[in-house]
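*Asks:* Mind looking at a prediction? Sequence and model below.
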Amino acid sequence: MSESLYHLLKEPKKVQEVQKTLKSASFFSAIYEAWRKGTLTVQRTWGNTDSPSRTVIYKPGCCLLPDDILQIIDTIFEQGNNFTVVTWNINSIRSRIALLLDWLAEKQPDLVALQETKVEDVHFPIFDLQQAGYHSVFNGQKSYNGVAFLCKEVPDQIRIGFRNGFDPENCRLISVLLRGIWFINVYLPQGQSVSSEKFAYKLEFLEQLTAELSEYPIEKMIVLGDLNIAPEDIDVPDPTAMKEMVSFRPEERAAFQNLLALGLHDVFRKFSKESGQYTWWDYRTRGFERNDGMRIDHILSSEYLIEQATQSYIDLENRSKAKPSDHAPVFSCFTIIE
């Protein structure tokens, strides 16, 4: 968001007032993006000033009305230590390198945790990302799995995989220490079906992950990744119909709560309690067009750090691009003071 737009909307203004001031369509695109992010509030009275207004939550297809009242709540221009982190299952980094580079240039996040990079380390696009201003830390394999961090700063420490040697043949875990905080990037197994060995592997992975994270300093830890679990009823379209489906089964949701019990908090849910907000949609059923998906990509932080969180949102615009991943990036911003 431009500084001029930020200062214009620091005080409440009706849409029709803003239209008189701003002539460029790009400004209104920025307003819609801020609304989607949750950094702009929209109060609606339906033109009746005697009636109490209601807050309108952004959803795909929403539009602004002339009498809607806009106000920016983002304090990014007043903060000198805002640090933006993103988790994104990119579903093949080489297939989506052009999309990734354009997105990095536009969004400029400080740290990105990628999953399903699906590339051997020798073929990771280090040079392209260096040209974009990012250091790469990665652990990959051909055609499957693969995790990576893209960082504007060089990490102080790097850890690949589980420290106890669990699951060495699969590239699903990588950690970096940056600004005194451990960032842990996880790509959890999907599980396929409850009767399969893959589901048993998923539950074992969750046990091992909980044990692994318990060895980290909890007060300075952020976990990012495709955890392949929708933890709450509002994270799926129909909890009754989906109660026996993998990624929403009771065993998985209980394991997710065990992770939180370490002292972690769901950053996205600090800012939004609304249903119908998903991070993955099935290509085959055109789930994105129907908003029939699941919220399975997460950013979890310690209590200390969630108090420093200033916003968190799902980047639906990215998922709307040509040839996207089936997952959308999830952003969280923190005020990090070293």
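*Replies:* Thanks, I have the structure now.
*Asks:* quick check, distance from the longest helix seen in the chain to the centre of its chain.
*Replies:* As assigned by DSSP state H, the longest helix anywhere in the chain is helix 197-213. Offset of helix 197-213 from its chain centre (C-alpha atoms, centre = their mean, to the nearest Å): 22 Å.
*Asks:* Which strands or helices does that helix pack on?
*Replies:* Using 3 or more C-beta pairs under 8 Å, 6 or more residues apart in numbering; DSSP states H and E as the contact criterion, the secondary-structure elements in contact with helix 197-213 are helix 250-260. Just so you know, the C-beta spots here come from the backbone N, C-alpha and C atoms, and that holds for glycine as well.
*Asks:* now the helix it packs on: mean pLDDT?
*Replies:* Throughout helix 250-260, pLDDT has a mean value of 98.
*Asks:* Buried ones in the helix or strand that it is followed by, by neighbour count?
*Replies:* For helix 250-260, the following helix or strand on the C-terminal side (DSSP states H and E) is strand 264-266. Within strand 264-266, the residues scored as buried using 16 or more other C-beta atoms under 10 Å are 264-266.
*Asks:* What is strand 264-266 packed up against?
*Replies:* For strand 264-266, the elements it packs on are strand 297-302, judged by 3+ C-beta pairs under 8 Å, 6+ apart.
*Asks:* can you list contacts of the strand it packs on?
*Replies:* Around strand 297-302, the neighbours that count as contacts under C-beta atoms under 8 Å, 6 or more residues apart in numbering are 85, 87-89, 218-227, 231, 259-260, 263-268, 279-280, 309, 312, 327-328, 330, 332, 334.
*Asks:* now Ala30: how far from Leu40?
*Replies:* 9 Å (C-beta to C-beta, to the nearest Å).
*Asks:* okay, these two: which has more neighbours?
*Replies:* The residue with more neighbours, out of Ala30 and Leu40, is Leu40; 22 against 18, by other C-beta atoms under 10 Å.
*Asks:* how about the longest helix of the chain as CSV, C-alpha atoms only?
*Replies:* Listed in CSV are the C-alpha atoms of helix 197-213, where the atom choice follows Å, rounded to 0.1, in the frame of the first residue of the first chain:
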residue,chain,number,x,y,z
GLU,A,197,0.1,-47.3,5.7
LYS,A,198,0.4,-43.7,4.6
PHE,A,199,-2.1,-42.7,7.3
ALA,A,200,-0.2,-44.6,10.0
TYR,A,201,3.0,-42.8,8.7
LYS,A,202,1.2,-39.4,9.0
LEU,A,203,0.3,-40.1,12.7
GLU,A,204,3.8,-41.3,13.4
PHE,A,205,5.2,-38.2,11.7
LEU,A,206,3.0,-36.0,13.9
GLU,A,207,4.3,-37.7,17.1
GLN,A,208,7.9,-37.3,16.0
LEU,A,209,7.3,-33.6,15.0
THR,A,210,5.8,-32.9,18.4
ALA,A,211,8.8,-34.5,20.1
GLU,A,212,11.2,-32.6,17.8
LEU,A,213,9.6,-29.2,18.5
